[in-house]
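Enquirer: next come a sequence and a model predicted from it.
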Amino acid sequence: MQVTNVKIRKIVPGDTPLKAVVSITLDNQLAVHEIKIVYANNRYFIVMPSKMLHRGEYLDYVHPINQEFRKIIEDAVLGAYEKFIAEAELDAVPAISALSDDAAVNGENSDNSTGDDKTEEDKTGEV
């Protein structure tokens, strides 16, 4: 299974751990919405869509079953985010590549894109 599209839905400004909310498409057939990009402990990572249970615990609606596929999703999402930030020229956001030893996070996989059909609304990060 491949991540065939990544769409940045919202950029969260300011000094908060939540940096963005994205949607992905898998094999051009399945969409997963509300994946969050978080920056904490000097690294970026993704948080899958979830809801809070009454006990204060979280339950993921959808999630990868193994670390290998989680890495595929995370690399695609973080690569698209870095590309989006670079194109938007937001200097306040540190480059992912500067904070990670993993070269795959740099968005070098050409199969993953933010799409060329961004509206002005999408470019501002507002949904």
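Expert: Everything's here; your move. Only a predicted model underlies this, so the values are computations on that prediction, with no experimental measurement involved.

Enquirer: every contact and neighbour count from this point should use C-alpha atoms.
Expert: Fine.

Enquirer: any residues touching the helix or strand where residue 51 lies, and which ones?
Expert: Per DSSP states H and E: residue 51 is located in strand 50-52. Outside of strand 50-52, the residues within contact range by Cα atoms under 8 Å, 6 or more residues apart in numbering are 58, 59, 60, 61, 62.

Enquirer: so who does residue 26 touch?
Expert: With Cα under 8 Å, 6+ apart, residue 26 has these contacts: 1, 2, 3, 4, 5, 32.

Enquirer: packing partners for the biggest strand by length in the chain?
Expert: When the chain is parsed with DSSP state E, its longest strand is strand 30-40. With contacts taken as 3 or more Cα pairs under 8 Å, 6 or more residues apart in numbering; DSSP states H and E, strand 30-40 sits against strand 18-26, strand 43-47.

Enquirer: mind listing what's buried in the biggest helix by length in the chain?
Expert: Ranked by number of residues, the top helix in the chain under DSSP state H is helix 67-88. Neighbour counts using 16 or more other Cα atoms under 10 Å place 71-85 of helix 67-88 among the buried residues.

Enquirer: what's the average pLDDT for that helix?
Expert: For helix 67-88, the mean pLDDT works out to 95.

Enquirer: now it against strand 18-26, angle please.
Expert: Taking axes from the mean of the first three to the mean of the last three Cα atoms, to 10 degrees, one finds that helix 67-88 is oriented at 120 degrees with respect to strand 18-26.

Enquirer: helices or strands next to helix 67-88 in the packing?
Expert: Counting by 3+ Cα pairs under 8 Å, 6+ apart, helix 67-88 packs on strand 3-11, strand 43-47.

Enquirer: 10 Å - rerun?
Expert: With contacts defined as 3 or more Cα pairs under 10 Å, 6 or more residues apart in numbering; DSSP states H and E, helix 67-88 has these neighbours: strand 3-11, strand 18-26, strand 30-40, strand 43-47, helix 96-99, helix 120-123.

Enquirer: CSV please, covering the ones you listed and showing distance to residue 54 and mean pLDDT.
Expert: Below are these laid out as CSV (distance: least, Cα to Cα, whole Å; pLDDT from 0 to 100):
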stretch, distance to residue 54, mean pLDDT
strand 3-11, 27, 96
strand 18-26, 23, 97
strand 30-40, 20, 97
strand 43-47, 19, 97
helix 96-99, 35, 52
helix 120-123, 34, 45
